[in-house]
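# can't give you the sequence, but here's the structure:
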Ligand SMILES: Nc1ncnc2c1ncn2[C@@H]1O[C@H](COP(=O)(O)OP(=O)(O)OP(=O)(O)O)[C@@H](O)[C@H]1O
């Protein structure tokens, strides 16, 4: 029976994880000479059995968000006492808790995540009510109605306070626990199928493989939120793919990972702050809010006020994530290989490669601070943009403190007047063209759709506040020259030049047949569409969303060799700006903006001051 084979494979996979554990853990050194498989299977059995009892202790605490202020979570520091609520650092690493938390779903009947599901229903109805109230207070129009309805019905997850597994050993246990949970979910699903038959799902893969049950998909998502770091990042990358790459139930469950991670408990947060900024870090602040304003994949963000009265956002990295990038990626790979949750293929390998590169850059907050300062500098005279100030004395490699900026995430601009939408759309495209062709230095987005929260629009000052420069990088002038020529060729419908530039950029090898060339040119011309005619391109009226979203995939599908990352990411950047304009429904004079840049562009010279000022992260 195929499900038995699958389970067998998974157990084998867990044995591999076990071998990894024994390789790395001092504690298990002695087991090396013994029978590792027996050791892990008996430990697994014990953990599975005890999961029921432990689950009550390891579920984490649901955070209650207090409103209205003053909030209990804010700690004030004064000059005389300057002592924050100290961290009870009695907690051990808690690796076993982590493992047990990962397998706890084993105890849940029918794969239901007990209280969690119930909470989700409750949350979603409460949120829906508040969203509807918000909606009733302003005239938003039909399009926004649909958006709000969609948002309100989407699965919501309240962040849970859970310790980040910070040592290689505890992270391995987390993965092993997840593997065990998935195995158990598979057994449950298979049993169900024997008794009630295989579901006639529209999604063939889900119907074929018992691994692909909704419950297993949720297990995966919740475990990734708990693990954070590279594991969560990969989940987030997978969550934005289409169904041809990632099965529908997995995509649905991975929606959870996009809503943010679990949050660190206060003692762990204090440990990181002490280690990074010194135990007297409180003396540099007037107050610190322990309730995070955001919990992202590699760190969480807290409000604070500095001694000189500046409101700041402190991004604090989860401990251990920077050192576990490689092992997390390997472990996710082992899990995915053995569970077949995601079809094998080129995509997964390249996703892992991109995740590895991007994460190692993003974990270095000193580099992010340098990138941010550089952006602040180059945009200092650009009207309508603002890059927050970096506060050096409360920043380090794992903590980044920047001036707090206000505004609504750019996608919410869709709810404002058409005039504002057009203004913001124009500004966004202007910024993208400046980054690409003037600064040759950009906030990169390699794998993801644009992160709307990285652009906060402040209506009062008509300014777009920019944050998150973790993946910012500089580009070689030669690439940018060819890319500008390609965009202009596409804008003018010039097939021959578009093909020539695509070859020079590495999108084509020159060996493609006519069918491939046609497909490539068609995909490339989508980029030229908004630039084709003067007088304003209406991103709302022209239905190019799907084509733009699939642009990268189409370009990749028809190539013989992978294009260089540089060329691909330039492309993603431009299509990202289009996606933002589509999202907010703007009419933008794209052609005029492009021609303005083109007329001022100096081809073939390397003397540009932005390059000579040092390539921060190329
Ligand atoms: N200076 C700031 N002012 C206001 N809000 C901020 C600031 N810095 C960060 N935030 C908030 O914190 C969130 C996460 O910050 P940021 O994007 O820098 O973290 P990240 O780890 O790079 O996240 P991601 O995984 O989403 O890329 C932002 O979306 C924003 O809501």
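Received it, and whenever you're ready, just let me know what you need. It should be emphasised that the depicted structure is a prediction, and the values quoted were computed from it without experimental measurement.

# which non-adjacent residue is nearest residue 311?
Residue nearest to residue 311 in three dimensions, not counting chain neighbours: residue 404, with 4.1 Å by CB to CB, 6 or more residues apart in numbering. Where you see a C-beta, it was placed from the backbone N, CA and C, and this is true even at glycine.

# burial of residue 533, as a residue count?
In terms of burial, residue 533 registers 11 neighbours under the definition other CB atoms under 10 Å.

# hang on, it is in a strand, isn't it?
No: for residue 533, which was evaluated using DSSP: H, G, I helix; E, B strand; the rest coil, the result is coil, with no strand membership.

# assumed residue 583 was part of a helix.
Yes: with the criterion set as three-state DSSP, the secondary structure at residue 583 is a helix.

# re earlier: shouldn't the residue nearest to residue 311 be in contact with residue 386?
No: when contacts are counted by CB atoms under 8 Å, residue 404 is not listed as touching residue 386 (12.0 Å).

# could you check how far residue 297 is from the ligand?
Counting by CB to the nearest ligand atom, to the nearest Å, the separation of residue 297 from the ligand is 4 Å.

# may I see the buried residues of the longest helix anywhere in the chain?
Across the chain, the longest stretch assigned as helix under DSSP state H is helix 168-196. By neighbour count on 16 or more other CB atoms under 10 Å, the buried set for helix 168-196 is 168-190, 192.

# before we move on, what about stretch 505-515?
505-508, 512.

# then stretch 311-330?
By neighbour count, with 16+ other CB under 10 Å as the criterion, the buried positions of stretch 311-330 are 312-322, 324-325, 327-330.

# one more: stretch 401-412?
By 16+ other CB under 10 Å, the buried positions in stretch 401-412 come out as 401-405, 407-408, 410-412.

# any residues touching stretch 378-392, and which ones?
306, 310, 312-313, 369, 372-373, 375-376, 400-405, 427, 431, 434, 439, 441, 458, 461-467, 610 (CB atoms under 8 Å, 6 or more residues apart in numbering).

# then stretch 316-333?
Surrounding stretch 316-333, the residues in contact under the criterion CB under 8 Å, 6+ apart are 17, 20, 164-168, 171-172, 175, 227-231, 234, 264, 268-269, 271-273, 276, 298-302, 348, 352, 355-356, 359-360, 363-365, 398-399.

# take these and keep only those in helices.
Assigned to helices by DSSP H, the following of the contacts of stretch 316-333 qualify: 17, 20, 168, 171-172, 175, 227, 229-231, 234, 268-269, 271-273, 276, 348, 352, 355-356, 359-360, 365.

# which ones among those also lie next to the ligand?
Of the entries in these, none also sits close to the ligand under the rule CB under 6 Å from any ligand atom.

# now residue 290: closest residue in space, sequence neighbours ignored.
Closest residue to residue 290 in three dimensions, ignoring its sequence neighbours and counting by CB to CB, 6+ apart: residue 73, at 4.4 Å.

# got a PyMOL select line for the buried ones in the ones in helices among the contacts of stretch 316-333?
In PyMOL, selecting the buried portion of the ones in helices among the contacts of stretch 316-333, with burial taken from 16+ other CB under 10 Å, looks like this:
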select buried, resi 17+20+168+171+172+175+227+229+230+231+234+268+269+271+272+273+276+348+352+355+356+359+365
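
# neighbours around residue 438, how many?
Neighbours of residue 438 (other CB under 10 Å): 16.

# tell me the SS of it?
Going by three-state DSSP, the state assigned to residue 438 is helix.

# quick one: it from the ligand, how far?
24 Å.

# how much space is there between the residue nearest to that residue when sequence neighbours are not counted and the ligand?
Counting by CB to CB, 6+ apart, residue 597 is the residue found nearest to residue 438 once chain neighbours are left out, at 7.0 Å. Between residue 597 and the ligand the distance, using CB to the nearest ligand atom, works out to 27 Å.

# which elements pack onto the strand or helix carrying residue 597?
Using DSSP states H and E, the element containing residue 597 is helix 590-600. Helices and strands touching helix 590-600, as assessed by 3 or more CB pairs under 8 Å, 6 or more residues apart in numbering; DSSP states H and E, comprise helix 418-434, helix 477-491.

# that one - what's its average pLDDT?
Averaging pLDDT along helix 590-600 gives 95.

# check which residues of that helix are buried.
If you call a residue buried by 16+ other CB under 10 Å, then helix 590-600 has these buried ones: 590-591, 593-594, 597-598.

# tilt between that helix and helix 418-434?
In terms of direction (axes from the mean of the first three to the mean of the last three CA atoms, to 10 degrees), helix 590-600 departs from helix 418-434 by 30 degrees.

# residue numbering should commence at 436 henceforth.
Right, with 436 as the first residue, what we last looked at is helix 1025-1035.

# how about residues contacting helix 1025-1035?
Contact with helix 1025-1035 is made by 861, 864-865, 868-869, 872-873, 919, 922-923, 926, 965-972, as judged by CB under 8 Å, 6+ apart.

# of those, keep whichever come out buried.
Buried members of the contacts of helix 1025-1035, counted by 16+ other CB under 10 Å: 861, 864-865, 868-869, 872-873, 919, 922-923, 926, 965-966, 971-972.

# what about residue 849, how many residues nearby?
The burial count assigned to residue 849 is 20, neighbours taken as other CB under 10 Å.

# right, and it touches residue 1019 too?
Yes: shown here, residue 849 and residue 1019 form a contact pair, counting by CB under 8 Å, at 4.7 Å.

# now for these two: what residues contact both?
Residues touching both residue 849 and residue 1019 comprise residue 856, with contact defined as CB under 8 Å, 6+ apart.

# before we move on, back to that, biggest separation within the buried residues of helix 1025-1035, which pair?
Checked with CB to CB, the buried residues of helix 1025-1035 reach their widest spread between 1025 and 1033, with 12.2 Å between them.

# run a quick neighbour tally on residue 959.
Residue crowding around residue 959 was assessed by other CB under 10 Å; the count is 24.

# for it, report the pLDDT, please.
79.

# what do you get for residue 826?
At residue 826 the predicted local confidence, pLDDT, stands at 98.

# need the residues of the stretch 736-885 of the chain near the ligand, please.
With CB under 6 Å from any ligand atom as the criterion, the stretch 736-885 of the chain comes near the ligand at residues 736, 748, 750, 823, 837-840.

# go with 5 Å
Within the stretch 736-885 of the chain, the positions near the ligand by CB under 5 Å from any ligand atom are 736, 748, 823, 837, 839-840.

# ok, the chain next?
Residues of the chain found near the ligand, taking CB under 5 Å from any ligand atom as the criterion, are 729, 731-732, 734, 736, 748, 823, 837, 839-840, 888, 902-903, 905.

# buried among these? Make that a ChimeraX selection.
Selecting only the buried members of those in ChimeraX, with burial defined as 16+ other CB under 10 Å, works like this:
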select :731,732,734,736,748,823,837,839,840,888,902,903,905
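
# so which of the residues of the chain next to the ligand belong to strands?
Using DSSP state E, the members of the residues of the chain next to the ligand that fall within strands are 729, 734, 736, 748, 837.

# now the residues you listed as a markdown table including pLDDT?
Formatted as a markdown table, these follow (pLDDT from 0 to 100):
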| residue | pLDDT |
| --- | --- |
| 729 | 88 |
| 734 | 90 |
| 736 | 95 |
| 748 | 97 |
| 837 | 98 |
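
# done for today, thanks.
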